[in-house]
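S.K.: Please find the sequence and the predicted model below.
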Amino acid sequence: MATTKIEWTESTWNPITGCTKITTGCKFCYAEVMARRLQSMGQDKYLNGFELTLHPETLKEPYSWKKPKMIFVNSMSDLFHKDIPIDYIQKIFRVMKDNPQHVFQILTKRADILHYYDSEGWLDWSHNIWMGVTVEDNTVTKRIDLLLETGARVKFLSCEPLLSDLPNLNLQNIDWVIVGGESGRTPRPIKEEWVMNIQEQCNTQSVAFYFKQWGGTNKKKNGRLLKGEIYSEMPKAIL
């Protein structure tokens, strides 16, 4: 487990590192940049850079974490990458189920693979496994429908980096929506009206809304105030 600066979680756990890009939302992948940096520093876990790599030695780690934590699983990869064996994914699910003191947050752009594995009965959901999909623009909203058809107890959306307006989100049975702008050297723009539109949809449909950041080249300076307020709502499941 590693501490993290990601605002909506507390720690990260990476039994897999590395990934491949599949949509425009992946263009400036923060995990790729970080993996290259860690590789150049000689860190053993990143000897392969951003190539997909399994780390089975990490599977035992959560059993030693006694204090309850909110843990982002695979912050440096995608658990539902097509090249990850289903039996390895099932081992990760077993570890999460065996440690109910923690909340494990999973986020994927590969909702089709998630949906297929779930429809085959290969995923064993427990109350502490939260499942989310990235919805960065209006071309990938089908991911929401696929997520909704899974057995995950808590379902969430990450609209980060938010790259377009999302005026008609299907939020029925969605528990949480995270929104954020892109950061880095060449961030793509985010518009306030896009963010407000999502916030209003969440408010209308009683969905927890979390505004993570405006992003930009100086995300710390730009902050996360939205119309003078900080939105850090969390799903009712953990209140």
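M.R.: In hand now; what should we look at?

S.K.: Please tell me how far stretch 186-199 is from the chain's geometric centre.
M.R.: 18 Å (CA atoms, centre = their mean, to the nearest Å).

S.K.: no, scratch that, I was asking about stretch 60-78
M.R.: Centroid separation for stretch 60-78 versus its chain: 13 Å, with CA atoms, centre = their mean.

S.K.: how long is that stretch from one end to the other?
M.R.: Stretch 60-78 has an end-to-end distance of 20 Å (criterion: CA to CA, to the nearest Å).

S.K.: what about it, average pLDDT?
M.R.: Averaged over stretch 60-78, pLDDT sits at 96.

S.K.: who touches that stretch?
M.R.: Stretch 60-78 has contacts (CB atoms under 8 Å, 6 or more residues apart in numbering) with 1, 4, 6, 9-19, 31, 34-35, 52, 79, 92, 95-96, 98-99, 101-110, 238. Yep, even glycine has a C-beta here, placed from its N, CA and C like the rest.

S.K.: In helices, which of those fall?
M.R.: 31, 34-35, 92, 95-96, 98 (DSSP state H).

S.K.: Weed out the non-buried ones from those.
M.R.: Using 16 or more other CB atoms under 10 Å as the burial test, the ones in helices among the contacts of stretch 60-78 include 31, 35, 92, 95-96 as buried.

S.K.: Include pLDDT and distance to Asn170 when you put these into TSV, please.
M.R.: TSV is the format used below for those (pLDDT from 0 to 100; distance: CB to CB, whole Å):
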residue	pLDDT	distance to Asn170
Ala31	92	27
Ala35	93	33
Ile92	98	28
Val95	98	31
Met96	98	26
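
S.K.: for this structure, which spans come out with low pLDDT?
M.R.: Scanning the chain for pLDDT under 70 picks out 1, 237-239.

S.K.: Which residue of it lies farthest from its centroid?
M.R.: No residue in the chain sits farther from the centre than Gly42, which is 26.6 Å out by CA atoms, centre = their mean.

S.K.: which residues of this protein fall in helices?
M.R.: 30-40, 86-98, 111-119, 142-148, 192-204, 219-222.

S.K.: CSV for those helices, including distance to Ser183?
M.R.: Below are those laid out as CSV (distance: least, CB to CB, whole Å):
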stretch, distance to Ser183
helix 30-40, 8
helix 86-98, 28
helix 111-119, 24
helix 142-148, 22
helix 192-204, 15
helix 219-222, 4
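
S.K.: For Thr24, which of these is the nearest?
M.R.: Nearest to Thr24, of all those, is helix 142-148, at 13.6 Å by CB to CB.

S.K.: Just give me how far that closest one sits from the chain centre.
M.R.: 15 Å.

S.K.: Can you name the residues in contact with that helix?
M.R.: 109, 111-112, 114-115, 131-135, 155, 157, 169-170, 172-174.

S.K.: how about a cut-off of 10 Å?
M.R.: 23, 108-116, 118-119, 131-136, 155-157, 166, 169-174 (CB atoms under 10 Å, 6 or more residues apart in numbering).

S.K.: Can you turn the buried part of these into a ChimeraX selection?
M.R.: Typed into ChimeraX, the line below selects the buried ones among those, using 16+ other CB under 10 Å:
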select :108,109,110,111,113,114,115,118,131,132,133,134,135,136,155,156,157,166,169,171,174
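
S.K.: from the contacts of helix 142-148, which ones fall inside strands?
M.R.: 108, 131-134, 155-157 (DSSP state E).

S.K.: can I get the residues you listed in a markdown table with distance to Glu200?
M.R.: Output for these, formatted as a markdown table (distance: CB to CB, whole Å):
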| residue | distance to Glu200 |
| --- | --- |
| Thr108 | 26 |
| Met131 | 25 |
| Gly132 | 21 |
| Val133 | 21 |
| Thr134 | 21 |
| Lys155 | 20 |
| Phe156 | 18 |
| Leu157 | 15 |
